[in-house]
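Trainee: Here you go, sequence then predicted model.
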Amino acid sequence: MQKNAEMYWTGLSPDEARELLVKKDKSMRDKRMTLKEAVDTFIRDGDNVGIGGFVNIRQPIAITHEMVRHGFRDLTLSWQSAGMAPDYLAGAMMIDDSHFSIRRIEHAYWAHEAYGLSPVFRYLAEKGLLEIEDWSNYNMSARFKAGAMGLPFIPTRGPLGSDIVKTSRTKVIDCPFTNRPIALLPASNPDVAIIHVQAADKYGNCIIRGTDCTCAEIAMASAHTILTCEQLVSHELVVRNPKDVMIPFLAVDAVIEVPFGAYPGACRRHYYFNGEHIAEFHAAVNSMRKDGSPDKLKAYYDENIFGVESFEDFIASFGVKRLLADQAAESLNCERLR
Amino acid sequence: MQKNAEMYWTGLSPDEARELLVKKDKSMRDKRMTLKEAVDTFIRDGDNVGIGGFVNIRQPIAITHEMVRHGFRDLTLSWQSAGMAPDYLAGAMMIDDSHFSIRRIEHAYWAHEAYGLSPVFRYLAEKGLLEIEDWSNYNMSARFKAGAMGLPFIPTRGPLGSDIVKTSRTKVIDCPFTNRPIALLPASNPDVAIIHVQAADKYGNCIIRGTDCTCAEIAMASAHTILTCEQLVSHELVVRNPKDVMIPFLAVDAVIEVPFGAYPGACRRHYYFNGEHIAEFHAAVNSMRKDGSPDKLKAYYDENIFGVESFEDFIASFGVKRLLADQAAESLNCERLR
Amino acid sequence: MTASTDYTAQEIIVVAGAKILEDNKVVFVGTGLPMVASLLAKLTHAPGLIPVFEAGAVGPPLGVGLPLSVGDSKTFTGSSYVKGLNAAFEMTQRGYADFGFIGGAEVDMYGNLNSTMIGDFPDGYQIPKVRLPGSGGASDMAASCERTILIVPHDKRKFNEKLQYVTSPGHLEGSPNARFKAGLQGKGPYRVITTKAILDFDEETKRMRILRTFPGETVESVQEATGFELLVAPDVSTFEPPTMEEVRMIREDIDPHQAFVKRG
Amino acid sequence: MTASTDYTAQEIIVVAGAKILEDNKVVFVGTGLPMVASLLAKLTHAPGLIPVFEAGAVGPPLGVGLPLSVGDSKTFTGSSYVKGLNAAFEMTQRGYADFGFIGGAEVDMYGNLNSTMIGDFPDGYQIPKVRLPGSGGASDMAASCERTILIVPHDKRKFNEKLQYVTSPGHLEGSPNARFKAGLQGKGPYRVITTKAILDFDEETKRMRILRTFPGETVESVQEATGFELLVAPDVSTFEPPTMEEVRMIREDIDPHQAFVKRG
């Protein structure tokens, strides 16, 4: 625990992050590839992976499935609030930590709001299998922002007065202008960002509908970004109003069109939550929490992730009616002519 | 000069800015009023006035004319890069500093890019009539951002290594995470922001076309904001895509529809620069710089500002053909069907 | 208005929460019951209430129904301003949020909250007895909203002398000006809504105080269910039960699918 | 390509500036001649050049012509990303700008620039002899672009041993690792383009060095117009004059109204 309060960089240091960006090819070139190619190319064992979205909104689910198929060791995962994305990654660790393992998380919240707690998080944390650094939502968002700004730290009010100060690398100083305490949070510069959005061009310029969450900050803070999108469209369409672009191509390394890429979570304009499927997954996790037997959870992974060719097969397994219903539910949230 | 390097708050201190905002009526109510009412109500002698736009892009010209008609003493003006807005205010000081006076400026750049230096700035600065605090564009933008974030300071790299560190309230510390020097800039929380935008609803929600400049940060940092817009439209139209809204109603106190409100500067989608008129104004200023006689400059103010009922008369004096030509020039920059 | 006779503990919390909210004020809405309470307030006495959701939405009319998440598509439609989490929290830190509405698994007499872990702290931080979701935005809301409203189910194990982990700071250790000295903003905890009562904090000592008891409860029964000594306001009265119409609105109009307000 | 015989000093600066820019790199473009040079580069050898303008536009094709301001509507159309000044400078601070293109009224042998004031510093800071516009974004570009290209008209009074005010840091006082120690980012000044020559900086001493002389100039004539001792690169050659086509493009296609490149 003491270790947490000492300073060390868990992803890239600010100077390493800058150096990698300076050396990077920033040209506006075609970055389309398969999910498999993207995950093979840009993620390594031991990496700090920044996860986009918020709870079960626009989480990069398709990318996490591909990561699980690939297998990784000793990852650090960073996000503000997340649900199914870390659930899928950490669930893979529950069934076989020689194939997939997470060493550390830096986060504010891991649960599902209306869909309850994360039994995956409870299982791993309560067994002491994860190193945890707790922050708040603004703390994590501001840490990514500092990383995206090329700063080593950013000042904030939260987490003053809380035990987050004790269990994290926060430093509290007396403000040299007001003499009152202020918290300084170390920047987060992940090795790789995984982000799902509504629309992108082949260069990586992308449009986010609904809340931006902290996606742009995570992408711009990271050394590399894998971007999935519901819809791959022409450059001209994406930049028709340049202010709709939330992440510029400069910050993106791989672009993959993956319809339903955040499912069973929600994606504005495309589909609302499939809460039943979230519950089904959690039931399999809880079965292992209860009696230690990984059978049901293993069956879930075999059926939905290891046993499919691609994420498209996973989505197809829901059937047309269910997917249409979730699209229809979302269309009530943002009625518009198509 | 030494004074500049000491710490003091030239607008509101962070705690004062917070306190005023906490006490403020934040309801979504009709904030339409005349320019005269807005300037009478929200600007006081001695205020720190934050100026929106960038050089001659979307500068709040109509508001500056009304401020000149009203007359103010001992203002502090804050902006990143500006042209005609401070020119008009400071030109009024040149002809009668008992009617209008500026005590201090905090800025990065006061000139006109393609339209040359500011003879107003040269006149006042070279006679020592202004207290100047030089910053860079990012410094000023980040200072407003810190103010908008409720922080007492924000870290940046620039102005490290420059004399800006010596002539401003910058504090350089050793970063507690990297041990390398980093600059801390004090937040700017002006008493009032003056901002011109393309479209707004009566509550103050507004849409900015083209660059956002630093307008949202200035508005959200300030205790009050006076907003002029080319077009006053329905709330429903403004929030059709909530992400188009760049300043929320919460940060706005007065909304005034003023077509050509940034003229003779430019305003995307509406009109391009009238460089001739900028030159005409500068010729009047230069005449006073040359021989000390304020006659030509006084004549300019009498004709265009003091002698008109409202900004509408100033605009009308350009004649239909000239205004249509400047609209046509802008329409080449952003061709679209109307 | 006819009083309901079959309201649930969650329903009276929602009604109490709604009534504390004032019209035309800005409320930073946490996930769960605060969303239901804010929507009820907006549909009753506070149509001008301005909800802010931490994922970014500012001032949505919520005309498309109860969000299931503070980042939900339903928070976006018709909003006056939406960016992302940084923008929402920056506004809060600036002073835009009059109220913040937060929950926790554990609270102490100064309104400090724990939503991080149950177990042995600090030694057991990395291997907690029960791992809770974590702060989310609660710690930030506690640090920067002008006033916070706390929701905690009333239970001796949840109202503790000493928290196992302080996630969201309240009045800290209750000393005068403690929040200001710690660098925090705002006046801190304003009300606590439990399954038994509404409590506030003594001006002087910052200690939690019984303000109103829920129907069927007394000062004694509330104290009985509390792990520290409560102060008692001079004029404790009984909070009127929810009306049938309020209960109907919660059940039929606001949360028909029992996303947050469970009936069973 | 036929060499032009009537090009102006500004035109050769523009051509030299364009040639230094590399295809597919990001250039943070200051106002004035850098805008003309970037557009010329984009129209010739560097179609993939990615211009960034400090008012916020990233990667505009500039198909609607030469902007008159770095916040111009012309920088917006077709851009890949546009926010405001903070976003543009944050990207630069992060490391996105390969080149920064800045000017000044005065430069020293280490490439530090003054664009603030001429006069007695610090005592005369508040009453300068000549008040210049101020940093604009130059100080930030100097602090955070990976490499900077400087444009200064060649004149003994502008190339000084000691600057009256350091607006934009170059190699500071030339000591090893000086920029890093000062907290700055990037490698600092890369090229200086004047009315007489292109200069670079000695790897070791960080002192300004003649790299190429413009037609009609010699190492001696350049040194003669400089207020400090210049180093001389081992293989100084003459920079070829602009071609007729380059001059035509500047005059007819890029800056027909002489917004920045004056002919008279």
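Mentor: Thanks, I have it.

Trainee: Give me the number of neighbouring residues for residue A:259.
Mentor: Counted by other Cβ atoms under 10 Å in any protein chain shown, the residues lying close to residue A:259 total 18. Where you see a C-beta, it was placed from the backbone N, CA and C, and this is true even at glycine.

Trainee: Check it and give its pLDDT.
Mentor: What the model reports as pLDDT for residue A:259 is 98.

Trainee: Confirm it sits in a helix?
Mentor: No: Residue A:259 is assigned coil when assessed by DSSP: H, G, I helix; E, B strand; the rest coil, not a helix.

Trainee: With chain D in mind, check whether stretch A:40-53 reaches it.
Mentor: No: Stretch A:40-53 stays clear of chain D (Cβ under 8 Å from any Cβ of the partner chain), getting no nearer than 14.5 Å.

Trainee: so how far does that stretch reach from one end to the other?
Mentor: 22 Å (Cα to Cα, to the nearest Å).

Trainee: try stretch A:58-77
Mentor: Span of stretch A:58-77 from end to end, Cα to Cα: 17 Å.

Trainee: if I read this right, residue A:22 contacts residue D:97, doesn't it?
Mentor: No: counting by Cβ atoms under 8 Å, residue A:22 does not reach residue D:97; the two are 9.4 Å apart.

Trainee: Of the two, which one has the most company?
Mentor: residue D:97 (30 against 18).

Trainee: Please give me every residue in contact with the more buried one.
Mentor: D:26-28, D:52, D:91, D:141, D:144-146 (Cβ atoms under 8 Å, 6 or more residues apart in numbering or on different chains).

Trainee: And residue A:31, by the same measure?
Mentor: A:202-204, A:249, A:252-255.

Trainee: Then residue C:237 would be within a strand, right?
Mentor: Yes: per three-state DSSP, residue C:237 lies within a strand segment.

Trainee: Just the helices from the stretch 51-200 of chain C, written as ranges.
Mentor: Using DSSP state H, counting those that start in this stretch, the helices of the stretch 51-200 of chain C run over residues C:73-76, C:85-94, C:138-144, C:178-181.

Trainee: Equivalent analysis for the stretch 51-200 of chain A, please.
Mentor: Secondary structure of the stretch 51-200 of chain A by DSSP H, counting those that start in this stretch: the helices cover A:61-70, A:84-95, A:119-126, A:137-148, A:164-167.

Trainee: I'd like those helices as JSON lines, with distance to chain B, mean neighbour count and mean pLDDT appended.
Mentor: As requested, those are exported to JSON lines (distance: least, Cβ to the nearest Cβ, whole Å; neighbours: other Cβ atoms under 10 Å in any protein chain shown; pLDDT from 0 to 100):
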{"stretch": "helix A:61-70", "distance to chain B": "23", "mean neighbour count": "24", "mean pLDDT": "98"}
{"stretch": "helix A:84-95", "distance to chain B": "23", "mean neighbour count": "25", "mean pLDDT": "98"}
{"stretch": "helix A:119-126", "distance to chain B": "27", "mean neighbour count": "23", "mean pLDDT": "98"}
{"stretch": "helix A:137-148", "distance to chain B": "8", "mean neighbour count": "30", "mean pLDDT": "98"}
{"stretch": "helix A:164-167", "distance to chain B": "14", "mean neighbour count": "22", "mean pLDDT": "97"}
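
Trainee: and residue C:117, which of those is closest to it?
Mentor: helix A:119-126 (8.1 Å; Cβ to Cβ).

Trainee: could I have that closest one exported to CSV, CA atoms only?
Mentor: C-alpha atoms of helix A:119-126 as CSV (Å, rounded to 0.1, in the frame of the first residue of the first chain):
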residue,chain,number,x,y,z
PRO,A,119,-19.1,-9.2,-9.4
VAL,A,120,-15.8,-9.5,-11.4
PHE,A,121,-14.3,-6.5,-9.5
ARG,A,122,-15.5,-7.9,-6.1
TYR,A,123,-14.1,-11.4,-6.9
LEU,A,124,-10.6,-10.1,-7.9
ALA,A,125,-10.4,-7.3,-5.3
GLU,A,126,-11.6,-9.3,-2.4
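
Trainee: any bit of that helix sitting next to chain C?
Mentor: Yes: counting by Cβ under 8 Å from any Cβ, chain C is contacted by helix A:119-126 at A:121-122, A:125-126.

Trainee: go on, stretch A:315-335?
Mentor: Yes: judged by Cβ under 8 Å from any Cβ, stretch A:315-335 comes into contact with chain C at A:330, A:332-334.

Trainee: Would you show me how to pick out the buried ones of the residues you listed in PyMOL?
Mentor: A single PyMOL command suffices to select whichever of the residues of stretch A:315-335 next to chain C are buried according to 16 or more other Cβ atoms under 10 Å in any protein chain shown:
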select buried, chain A and resi 330+333+334
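
Trainee: Need the max-distance pair from the residues of stretch A:315-335 next to chain C.
Mentor: Largest separation among these by Cβ to Cβ: A:332 and A:334, giving 8.0 Å.
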